[in-house]
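> Give me the fold of what follows.
(one chain, ligands or ions: 1)
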Amino acid sequence: MRRPVIAGNWKMYKTQAETRAFFEAFRPLVGSAKHCDIIVAPPFSALAAAVDAARGSAVGIAGQNMHWEREGAFTGEISARMLVETGCLGVIIGHSERRQYFGETDETVNRKTKAALEAGLTPIVCVGETLGEREGNLTQTVLKRQFEGGLAALTPAEFSRILLAYEPVWAIGTGRTATPEMAADAHRHLRDLAATRFTAEQASGLRILYGGSVKPDNIKGLMAQAEIDGALVGGASLDPKSFAAIVNF
Ligand code: PEP
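Here you go, the predicted model:
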């Protein structure tokens, strides 16, 4: 049985003060939740405030991005060990907005994933097709390329520590959700890829989150699919009540 994970990606939203206010409202709403792992990924400037505000709760804090080098002349970047020092347990890697606006490729996703693992972080590796790719019947081809490229050269032990997020680009921030069946089909394909690359046992242990306009009113249907192990939530994770409703699916 795979333990569900509900993760919130705050993108470029919330100051430190807003982060503290979020946790003050959110903690009592999920205080007794033991059925899933809960992750919140605030912007870099609010990470320390989030770690502090979440201390003693079941919520783990994650970064939204990182550089693969340990340190260096990379203006504007931060490294895995900086995230670890701040108290992060994980990091989102290869989000479609990073791929679309900041030139991330499967190769950079791979470097970052390896560096995150080496530093002891849980990488949440994002994959997903665009609308054009889905309409062109390329979903499986794109997922295969992203899976193989982004996770190249991972050892079985490393692979067992990652979370995979299937996020169809056409469903992110658009209010258009993949149907539970569509999401489950993509997850099945990703699990098959994992079984081919590793073993059936490793594939069945892999936790795959769905992301794309997840809301309190569609989370139940998504989580009813055996293939869906959780959600990566953008917009609806910004509000404590709606994110708590998703966590308490
Ligand atoms: C995301 O940013 O990963 C995401 C899924 O966003 P939204 O839930 O707003 O579609």
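> For the closest residue to the ligand within the chain, grab the count of nearby residues.
The ligand sits closest to Gly234 of the chain, with a gap of 2.1 Å, by CB to the nearest ligand atom. From N, CA and C alone the C-beta is placed, and that goes for glycine too. Neighbours of Gly234 under the rule other CB atoms under 10 Å: 21.
> gap between the residue located most distally from the centre of the chain and Met223?
Within the chain, the residue lying farthest from the chain centre (CA atoms, centre = their mean) is Ala73, at 27.5 Å. From Ala73 across to Met223, the span is 45 Å (CB to CB, to the nearest Å).
> what packs against the longest helix that the chain contains?
The longest helix of the chain (DSSP state H) is helix 180-197. Identification of packing neighbours for helix 180-197 by 3 or more CB pairs under 8 Å, 6 or more residues apart in numbering; DSSP states H and E yields helix 139-150, strand 163-166, helix 200-205, strand 207-211, helix 219-223.
> which residue sits closest to the residue of the chain closest to the ligand, ignoring its sequence neighbours?
Distances taken as CB to CB, 6 or more residues apart in numbering place Asn9 nearest to Gly234, at 5.2 Å, with adjacent residues excluded.
> Tell me if I'm right that that neighbour and Ser237 touch.
Yes. Here Asn9 reaches Ser237: they are 6.5 Å apart, a contact under CB atoms under 8 Å.
> Over to the residue nearest to Pro168 when sequence neighbours are not counted: give its phi and psi.
Nearest residue to Pro168, sequence neighbours excluded (CB to CB, 6+ apart): Gly128, at 4.7 Å. Phi and psi for Gly128, reported as degrees, to the nearest 10, are phi 160, psi 150.
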